[in-house]
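[1] coords below, sequence missing:
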């Protein structure tokens, strides 16, 4: 019994040692547990205290979204502007190239040909007005409208991570817009994305292209046959700052001396009519005002009369009249196209200077 | 018996001390990790966010502010002296035109004038990236950073182009603003 009791005490003793052991060890263990509890409480306290710091985190997320939207908004605006500026630049380049290549050619480029070929011209840089391809991109294929757009989208994709896909849903149309401007229109569908979201848009672009500085197609076409004073006859279109209705004798002389152009609906062909080889402008209801240059000096005396529009201009005479004699030089082209030709006109000093005819015998000649 | 009992108590005290020390280390580790997490995840965010905002706002400022609208002496002088031909173009367009013209000094002068509104202590580089060669040219550097001081490097970029007075298209280029904090 004693032995069992003794064993029992020993077991109880062992149990009490595990529970309490020595008083000092028990104190240390309790302190350690207390410190652990304190550290856990402090950690919880700090986490709860700084949990409000989630506000900046949310704010940062909001700012990131706002920044992304701003970047995309700026990009889309820039893309639309770039499309229009590139179209304006490429169309103007095409007009210069086509007008220049008319020199000495027998063909002309009708409005329907322009519309039909414009898409290919802007995308591939070639044009086919008379059965064979000619360039219509002064800078070559790398400078075409499509090439520029592709370069833009590639740069945005590589450097900004913005992808752009586009297509033309309504083909290009071209029309006269004002005496010195034409308009090109088309509809572009495009999708812009940045990996998080996509924007789909369809935009109609109406781009006005100035023809100031572009070679006059009539002069280019007939330049090689009209050698006045031994010089080929070329004119780039320059706009006289005063409209025809407000011309005075003084500024008319200036206009003639500078070979500038003014508006003239009906008598003056529009730019697209000039491309088509028309010498006299039409008076169709949808026809925009044409342009003319080198007016008949006989008009100087009657410039302010309302019958002014019935008079022609020197350039028109030269192009429209059959061959006629001015002094001892034969002028004009062998075509009466359109029928109208002013019977005769007088060359004054400014005109003779513009025609590079230096011989004094031509001065003040009346041409028949 | 007393000697054995004393020895056992000493051993028990040692065990308790080990437990105490280990537990103290655990507590210190919990506190340390908590503080590190707090300072890394929460405290540093405001700084980086503000720094990026500077970069993005500066690019937006360049891209959307016309030279005529920015009342600043250097810009005004450049307009008077003809270095800026069309004040209606944005500052970014003026930089592109100057860069394409080979006049890096003017591009840098425009950026220098534009950066006046930024904190002078902000470390920032502005460079331009050619669309064809992809060559990067440094145009402006403010408080240049030393490599060992770099902590956070952020970049904001925008695509820009410009028209010459003859309506030729210059670009597009990438304008890049890098900031460090």
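    Looks like it came in fine. Treat the numbers as computed from the prediction; the structure is a model and nothing was measured. Numbers count the residues shown, from 1 in each chain, chains lettered A, B, ... in the order given.

[2] For chain A, which element, helix or strand, carries the lowest mean pLDDT?
    helix A:2-20 (a mean of 43; mean pLDDT, DSSP states H and E).

[3] Not counting sequence-adjacent ones, nearest residue to residue A:194?
    residue A:162 (5.2 Å; CB to CB, 6 or more residues apart in numbering or on different chains). All C-beta spots, glycine's among them, are computed from the backbone N, C-alpha and C.

[4] top helix in chain B by residue count?
    helix B:2-38 (DSSP state H).

[5] Equivalent analysis for chain A, please.
    helix A:54-101.

[6] Look at residue A:168 and say how many residues are nearby.
    16 (other CB atoms under 10 Å in any protein chain shown).

[7] Name the residues that touch the strand or helix carrying it?
    For residue A:168, the host element (DSSP states H and E) is strand A:163-178. For strand A:163-178, the external contacting residues (CB atoms under 8 Å, 6 or more residues apart in numbering or on different chains) are A:79, A:91, A:111, A:114-115, A:118-119, A:122, A:149, A:152-153, A:156-157, A:182-195, A:202, A:204, A:208, A:270-273, A:287-289.

[8] switch to 7 Å and redo it
    By CB atoms under 7 Å, 6 or more residues apart in numbering or on different chains, the residues outside strand A:163-178 that reach it are A:79, A:114-115, A:118-119, A:122, A:149, A:153, A:156-157, A:182-193, A:202, A:208, A:270-272, A:288.

[9] before we move on, the earlier item: the longest helix of chain A vs strand A:163-178, what angle?
    Using axes from the mean of the first three to the mean of the last three CA atoms, to 10 degrees, the direction of helix A:54-101 lies 50 degrees away from that of strand A:163-178.

[10] just checking, what packs against helix A:54-101?
    Counting contacts by 3 or more CB pairs under 7 Å, 6 or more residues apart in numbering or on different chains; DSSP states H and E, helix A:54-101 packs against helix A:145-155, strand A:181-193, strand A:198-210, helix A:217-222, helix B:45-64, strand B:153-163, strand B:169-180.

[11] And the next helix or strand after the fifth one, what's buried?
    Using DSSP H and E, the helix or strand that follows helix B:45-64 in sequence is helix B:73-80. Neighbour-count burial for helix B:73-80, with 16 or more other CB atoms under 10 Å in any protein chain shown as criterion, is recorded at B:75-76, B:78-79.

[12] Spell out which residues of chain B are next to chain A.
    Applying CB under 7 Å from any CB of the partner chain, we find that chain B lies next to chain A at B:9, B:12-13, B:15-17, B:19-20, B:23-24, B:26-27, B:30-31, B:34-35, B:38, B:42, B:45-46, B:49, B:53, B:56, B:60, B:63, B:129, B:131, B:157-159, B:161, B:163, B:167-169, B:172, B:174.

[13] Just the buried ones from the residues you listed, in ChimeraX syntax?
    Buried residues among the residues of chain B next to chain A (16+ other CB under 10 Å), as a ChimeraX selection:
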select /B:9,12,13,16,19,20,23,27,30,31,34,38,42,45,49,53,56,60,63,129,131,157,158,159,161,163,169,172,174
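
[14] confidence score at residue A:335?
    With respect to pLDDT, residue A:335 scores 46.

[15] what's the answer for residue A:195, then?
    pLDDT, read off for residue A:195, is 79.

[16] Just the buried ones from the contacts of strand A:163-178, in ChimeraX syntax?
    One line in ChimeraX is enough to select the buried ones among the contacts of strand A:163-178; burial here means 16+ other CB under 10 Å:
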select /A:79,114,115,118,122,149,153,156,182,183,184,186,188,190,192,270,271,272,288
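
[17] ok, the buried residues of helix B:73-80 vs chain A, which is closest?
    Closest approach between the buried residues of helix B:73-80 and chain A, by CB to the nearest CB: residue B:75, at 21.8 Å.

[18] and that closest one, what does it touch?
    B:67, B:110, B:113.

[19] close enough to count as contact, the last one and residue B:72?
    Yes. Distance between residue B:113 and residue B:72: 5.0 Å, which falls inside the contact criterion (CB atoms under 7 Å).

[20] Just want to know which of these two has more residues nearby.
    For the pair residue B:113 and residue B:72, the greater number of neighbours falls to residue B:113 (19 against 15), based on other CB under 10 Å.

[21] What count of nearby residues applies to residue A:41?
    10.

[22] Surely it is within a helix?
    Yes. Counting by DSSP: H, G, I helix; E, B strand; the rest coil, one finds residue A:41 located in a helix.

[23] pLDDT at it, what is it?
    Here, the pLDDT recorded for residue A:41 equals 85.

[24] what about it, distance to chain B?
    Here residue A:41 is placed at a distance of 10 Å from chain B (CB to the nearest CB, to the nearest Å).

[25] how near is that residue to residue A:50?
    15 Å (CB to CB, to the nearest Å).

[26] ok, now residue A:182?
    Relative to residue A:50, and taking CB to CB, residue A:182 is found at 66 Å.

[27] Repeat that for residue A:176.
    Applying CB to CB to residue A:176 and residue A:50 gives a distance of 70 Å.

[28] Give me the more crowded residue out of the two.
    residue A:176 (22 against 17).

[29] Bridged to the more buried one, which residues?
    Going by DSSP bridges, residue A:176 is paired in beta bridges with residue A:182.

[30] Need the pLDDT of it.
    Note for residue A:176: predicted pLDDT of 89.

[31] And the one 5 residues further on, by the same measure?
    Per-residue pLDDT puts residue A:181 at 94.

[32] what does the model give residue A:192 for pLDDT?
    Listed pLDDT for residue A:192 reads 93.

[33] in chain B, which ranges drop under the pLDDT threshold?
    B:1-2, B:40-52, B:144-151 (pLDDT under 70).

[34] domain assignment for it?
    By the assignment in automatic domain parsing, chain B contains the domains B:1-37, B:48-180.

[35] Identify, out of those, the most deeply packed stretch.
    Comparing the domains of chain B by mean neighbour count (mean count of other CB atoms under 10 Å in any protein chain shown), domain B:48-180 ranks first with a mean of 17.

[36] what's the burial count for residue A:161?
    Residue A:161 has 13 neighbouring residues, counting by other CB under 10 Å.

[37] quick one: pLDDT of the closest residue to residue A:193 other than its chain neighbours?
    Excluding the flanking residues, the one nearest residue A:193 by CB to CB, 6+ apart is residue A:163, at 5.0 Å. Residue A:163 carries a pLDDT score of 93 in this model.

[38] returning to that earlier point: now for the longest helix of chain B, which elements pack on it?
    Using 3+ CB pairs under 7 Å, 6+ apart: helix B:2-38 touches helix A:23-50.
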